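1. 3D model of this:
(chains A and B, ligands or ions: 3)
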Amino acid sequence: MAMAIRQPGWYRGAIGTLLGAAFGFFLVIGLRALMGLDIYQTEQTGYPHIVVPLITAPFGFLFGLGAFDYWFRWAAGKPTIPEDHSGHGATKWQDYFKFNTDHKVIGTQYVVTTMFFFLIGGLLALMMRAELAQPGSQIVAANTFNGLFSTHAVIMIFLFVIPVFAGLANYVLPLMIGAPDMAFPRLNALSFWLLPIAGVIFISSFLAPGGAFDAGWTGYAPLSTGAPLGQSFFNIGVQFAGASSIATALNFLVTIITMRAPGMNLWRMPLLVWANMSTSLLVVGATPFIAGAQFMVLLDRVLGMNFFEFLEGGDVLSYQHIFWFYSHPAVYIMMLPGFGIVSEIISTHARKPVFGYRLMALALIGIVVLSYSVWAHHMFVAGMFDWLRVPIMITTMLIAVPTGIKIFSWLGTLFYGKIHVYSTAMLFALAFIVTFTIGGISGVMLGMIPIDIHVSDTYFIVAHIHFVLFGGSVFTIFAGIYHWFPKMTGRMYDEKLGRVHFWGTVIGTWGTFVPMHWIGMDGMPRRVADYASQYGDWNLFISVFAFILGSVQLVFFYNMIVSWRFGPKAGDNPWRSNTIEWQVSSPPPVFNFDEIPRVVGGPYEFGTPGARHAIMGGETPADIPEPKPTTVTAPS
Amino acid sequence: MTRLPYLKLVLATLAFGTVLSVVMLIPNWFGEEGSTAAPEIDRLLDVTIILSSYIFAGVCVALGYALIKWRVKPGDESDGLPIHGNTKLEIIWTMIPLVIVLGLGAYSWIVLDDIEAKDNDAQIINVYSQQFAWTFGYPEEGNKWSEGELHVPVDRQAIFKLNAQDVLHSFWVPEWRIKKDNVPGITTEAVVTPDKIGHYQIVCTELCGFGHATMRALVVVESEADFAKWVKGLSQEVPQTLELTADQALKVEQEAQAKEGGIGGSGVDETGKDNVDQS
Ligand code: HEM
Ligand SMILES: [Cu+2]
Ligand SMILES: [Cu+2]
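-> Numbering: from 1, shown residues only, chains lettered A, B, ... in the order given. Ligands and ions are numbered 1, 2, ... in the order given. Modelled structure (predicted):
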């Protein structure tokens, strides 16, 4: 036992958490006592004796878990073991609950954790839909409802969509570029462990006096600066989720820039790599802004600073500018990795090179650049300077051009292909094209100021965000998980259940979110627990489909869990793909490659006899001209 | 490589797009029109719907055609044609959306300028919002005050000066198509020319707390004569506390504090006067 306590792990983690919390708590009350203040400050925005431990306890936990052991030893000049792989690879399920530095283990940890939060976010959504099924108040009070949509959105965004992409890329990307691991494995592990911390903080805000944070995921001041304690949980949780994002993005950038296999120049990078590079550029540049915005709100709340206190000279609108300077790029952080996934899947299953590969890559970069210049389209009716609206409208509408290029190029990839649709991944990728087009079109409408003046903050917005986030991001997430499931687990999922999940999800998504456009345009505002009775029928319809959509996700979870355990062996390359991750075993060896592969061509050379993307270690040059026929295990 | 049946694809897109836009134009999406801005915005929406229908139709036709034409036969393990791109095509599908969005942008700008143009005889109306109620002041009518009920004369432009006393709120009358946030600390503006007599509702669309869903107020658009009669019936004037700008409120607060500390002086009167001069 004494041994277990000194070892990095959960025992030490629990003790670290307690010590961290105690340190924060006594620091606050000690300082307050010294300064002659009341020991406890329990006005609704105050509670420093809870807010500070909320920051220190996670560090205690991370320390206990062993996140800093190596760095501390190194900083103290103590001997470190340069090739210490004790925290690398997983042989049993318990290894997934440790501070592990293997990018594949971390990728799996990410995906499983984020899927768990998807489930929680979905349950919160269904609670809302249950309340909204009829006009009037049935299940939850208005206050609680505000907490529900706020936590729903925050969990979906910060603990599901953004990190699940980071998780998939964590697994796939180093393999794809022929790297043995990420550039900074320990930072990578730390990034992961910051996530569940953020999740626990967000969810435990339900326990705070006054209830969960309820100013929306946007947390606009001054509603947020005056809100009860729960709001501080949001302010702090975002710091952990944001730090996780930033660290991962830096890691991806360095990995992509410095660790590509020899021969992989920029124009030989798979589009998934391009997509994650673009996303990382957005994360690194934009995420500090939301961290800053939430710190400012926290300082207003706890220390009585006046960033946004209009009665003390603060400026209410500046919150929105800072917030959206992150949160618009964030919508592309939630979409670009999906673009990458779809490019890989469509090319593989259409057996064709990606159409217009270079323009596809440039379109990603174009989106990155443009998306920094459109934040204020969320503020057309916010009362900001009038002159800023038209320039922002133009840049916003221009984003439709690179986005259009992506859609048309995927269609171009399908033309003259050999399209296989037996894989659920491909089905989701195809459905994504259609559904995302709708979300893109409603996005252009919202960019047009006169239309936005009418529909902003109505259900039309709710329809739009879900078409791009569910029909866009989530469809690509499902596509990605199905596509790389055989690689990650070594086993095949059940395509029949996959189809049930696919059709249920498509029908559920359209049935739930299409009618929201209509009631929004007709006058139903968003973020309301109750509404005019004329919208009752459509809301019932929406709720029914939402429950279909929600329940069909159980099929997905069942399929994934059972197939992971009992599915048939998948083979190394069931989709006959060219990229490097498919040329190693499934699941890949602990250190990925015995010998780093050599890249000799583009990633999508389908249809060119003899063309190769990479030569794997152990192959002799004589092997090169002869493409090996690969076996297919999936039925066609 | 077989030539594509361009004509058929284009015709299919046109047919599908036409059907789609006709179907999409039948419902009256935005509902009743109650201001001069409404028909203009609705026309903009209609144009957008038509263009979008054809674009969506194009995507669907291309996808559908590809899936029918190039779906593999069972057992076919061969690859598709090694086509890497087509510069001409790529330029076309960059330029066409570019032209469309710039066109829509220009059209939107024109509409925006139109609906925000101010008339000389416009009536200024002050709108005060606080959790969870709307009140209105009529500075041109002796600064009369109305709680929860907004009256405006038909066919005369109203310029609403929007204020917020606590948190953000948003002023929206769906039939007018006009919305603007009420922002604490500053005064924002919404320009509307109601052109249909009737009863409407102000809907608060900015989350403002637990009463947000119920933060509504009645809007009555009536003839000039009825309006005059109604205004005359108002007895109260706008309370002074509502009139203060943030700076003035701050001053009042500071002076109140100073008074507590023993230094005399009444800032309220002064600031009250300042305010009248401003508006
Ligand atoms: C089962 C699927 C889902 C259902 C039924 C659902 C339902 C809802 C509902 C009812 C609202 C509240 C709307 C309002 O009152 O304004 C909402 C808000 C929201 N949802 Fe979802 N949702 C689902 C999935 C997702 C996913 C996957 C995301 C991905 C990020 C997401 C992101 C959001 C966001 C950003 C908001 C806005 C919250 C706010 O206004 O602050 N939702 N959703
Ligand atoms: Cu945006
Ligand atoms: Cu409100």
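
2. A:Phe541 and A:Pro515 touch, don't they?
-> Yes. Contact between A:Phe541 and A:Pro515 holds when scored by Cβ atoms under 8 Å: they sit 6.0 Å apart. All C-beta spots, glycine's among them, are computed from the backbone N, C-alpha and C.

3. State the pLDDT value of A:Ala75.
-> On pLDDT, A:Ala75 comes in at 88.

4. Pull out the buried residues from the helix ranked longest in chain B.
-> Longest helix of chain B, by residue count under DSSP state H: helix B:37-70. Judged by neighbour count using 16 or more other Cβ atoms under 10 Å in any protein chain shown, the buried positions of helix B:37-70 are B:37-38, B:40-42, B:44-45, B:48-63, B:65-66, B:70.

5. Output the below-cut-off pLDDT ranges for chain B.
-> Residue ranges of chain B with pLDDT under 70: B:1-2, B:244-250, B:252-254, B:256-279.

6. Give the closest residue to the residue in it positioned nearest to chain A in space, chain neighbours not counted.
-> At 3.1 Å from chain A, B:Gly185 is the closest residue in chain B, using Cβ to the nearest Cβ. In space, B:Gly185 comes closest to A:Phe310 once its chain neighbours are excluded; the distance is 3.1 Å by Cβ to Cβ, 6 or more residues apart in numbering or on different chains.

7. rewinding a little: does the longest helix of chain B pack against any helices or strands, and if so which?
-> helix A:400-414, helix A:424-447, helix A:449-455, helix B:6-25, helix B:87-116 (3 or more Cβ pairs under 8 Å, 6 or more residues apart in numbering or on different chains; DSSP states H and E).

8. most packed of those?
-> Per-stretch averages of neighbours, counted by mean count of other Cβ atoms under 10 Å in any protein chain shown, single out helix A:449-455 among the helices and strands packed on helix B:37-70, with a mean of 26.

9. What separation do you get for the residue lying farthest from the centre of chain B and A:Lys418?
-> Ranked by distance from the centre of chain B (Cα atoms, centre = their mean), the top residue is B:Gly75, with 56.2 Å. Counting by Cβ to Cβ, to the nearest Å, the gap from B:Gly75 to A:Lys418 is 11 Å.

10. same deal with B:Glu33?
-> When distance is defined by Cβ to Cβ, B:Glu33 is 53 Å away from A:Lys418.

11. can you check A:Gly443 too?
-> Taking Cβ to Cβ, one finds A:Gly443 at 33 Å from A:Lys418.

12. for B:Glu222, same thing?
-> Distance, B:Glu222 to A:Lys418, using Cβ to Cβ: 69 Å.

13. In which helix or strand does the residue nearest to A:Met426 when sequence neighbours are not counted reside?
-> The shortest distance from A:Met426 to any non-neighbouring residue, by Cβ to Cβ, 6+ apart, is to A:His349 (4.1 Å). When elements are defined using DSSP states H and E, A:His349 is found to belong to helix A:336-350.

14. and that helix, how far from the chain's centre?
-> Here the centre of mass of C-alpha atoms in helix A:336-350, compared against the chain's by Cα atoms, centre = their mean, to the nearest Å, lies 17 Å away.
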